[in-house]
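> Any chance you could fold what I've pasted below:
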Amino acid sequence: MTDTPHAPRSTGRPAHQNVTFDSDGTPAHGCLALPPAGRGPGVIVIQEWWGLTDHIADVADRLAAEGFVALAPDLYGGNVAHDAQEAFRMMRELPEQRAVELLSGAVGHLLARPEVTSDTVGVVGFCMGGGFVLHLAARDARVSAAVPFYGVIQHEVPDFSGLRAQILGHYGERDESIPLPTLDGLRRTIEQQSGIVPDFRLYPAGHAFFNDGRPEVYDARSSRQAWTSTLDFLKSNI
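Numbers count the residues shown, from 1 in each chain. Purely as a prediction, here's the structure:
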């Protein structure tokens, strides 16, 4: 796999398909992107509060272009929000426990696929999905690399005593939804409960700075830096 020096939208999209998998006895769905070689380590991509948008599918494609088998589960059952009010409602109506169960089912599905060469998976998530990255990593020992982008933990902080994953987090210094003291407290909690020291990195940007589908928040330089370090981190820890 070769690092890309920037994080543009993918060109020449990798092999891309919709998949259905079992999640605690319930059918769930997602978007699967395969690398050019057809096989590689597994990565789960977790959506923002908007839903499984083109941006999230494109992130899966970017990861596939780098040699990973990337699965983006659909937490909203095919629905996508069209404005912030609708996104907030859909996020609030998603039971946290159910979402983590669905994501854990996605991990099992990915690891069982013949295209996946790894025994563990990486998880990358954004905003709401970044919070779920931490919930999933705390619960599922099959996650070895956790990458929350400006992850928002909506309710209680999970119990990290069973955490096995290394953590690389990306956060904006101007992100009003995640005060820096809160981030410091989260870092201490993770270290105290698990012994793992998360690598939380700050960028001169606001919330959702990686979302190049939203030019009002996108920060190209911060995104390039975060993307390059994410690829290196996933390659080292899956």
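> following the longest strand anywhere in the chain, which helix or strand shows up next?
For the chain, the longest strand by residue count, based on DSSP state E, is strand 116-126. Scanning forward in sequence from strand 116-126 by DSSP states H and E, the next helix or strand is helix 128-139.
> Just say helix, strand or coil for residue 151.
coil (DSSP: H, G, I helix; E, B strand; the rest coil).
> residue contacts, it?
Applying CB atoms under 8 Å, 6 or more residues apart in numbering, one finds that residue 151 lies in contact with 125-127, 129-134, 169, 178. Just so you know, the C-beta spots here come from the backbone N, C-alpha and C atoms, and that holds for glycine as well.
> rewinding a little: can you tell me which helices and strands the longest strand of the chain packs against?
strand 40-46, helix 54-65, helix 96-112, helix 128-139, strand 143-149, helix 220-237 (3 or more CB pairs under 8 Å, 6 or more residues apart in numbering; DSSP states H and E).
> repeat that for 6 Å
strand 40-46, helix 96-112, helix 128-139, strand 143-149 (3 or more CB pairs under 6 Å, 6 or more residues apart in numbering; DSSP states H and E).
> Now residue 159. Nearest residue, chain neighbours left out?
Of all residues not flanking residue 159 in the chain, residue 138 sits nearest, at 6.3 Å (CB to CB, 6 or more residues apart in numbering).
> So what's the predicted local confidence for the one you found?
On pLDDT, residue 138 comes in at 97.
> Let the chain start at 30 from now.
With the count now opening at 30, the last piece we talked about shows up as residue 167.
> Quick check: it touching residue 194?
No. Between residue 167 and residue 194 there is no contact under CB atoms under 6 Å: 8.6 Å.
> Comparing those two, which shows the higher neighbour count?
Under the criterion of other CB atoms under 10 Å, the comparison of residue 167 against residue 194 puts residue 194 first, with 28 against 23.
> OK, contacts around that one?
Neighbouring residues of residue 194 by CB atoms under 6 Å, 6 or more residues apart in numbering: 166, 172-175.
> give me that answer again for 8 Å
Remark: with contacts taken as CB under 8 Å, 6+ apart, residue 194 is in contact with 152, 166, 172-175, 225, 266.
> Which two among the residues you listed are spaced furthest apart?
152 and 225 (14.6 Å; CB to CB).
> List the contacts of the closest residue to residue 154 other than its chain neighbours.
Of all residues not flanking residue 154 in the chain, residue 75 sits nearest, at 3.2 Å (CB to CB, 6+ apart). Residues in contact with residue 75 (CB under 8 Å, 6+ apart) are 101-102, 104, 132, 152-155, 157-159, 161-162, 165.
> 7 Å - rerun?
By CB atoms under 7 Å, 6 or more residues apart in numbering, the contact list for residue 75 reads 132, 152, 154, 158, 161-162.
> and those residues, which are buried?
132, 152, 154, 158, 161-162 (16 or more other CB atoms under 10 Å).
> returning to that earlier point: what about the residue nearest to residue 154, distance to residue 203?
According to CB to CB, to the nearest Å, residue 75 stands 23 Å off from residue 203.
> Equivalent analysis for residue 172, please.
In terms of CB to CB, residue 172 sits 29 Å off from residue 203.
> Residue 209 now?
As judged by CB to CB, residue 209 and residue 203 stand 10 Å apart.
> can you check residue 51 too?
Between residue 51 and residue 203 the computed distance is 41 Å (CB to CB).
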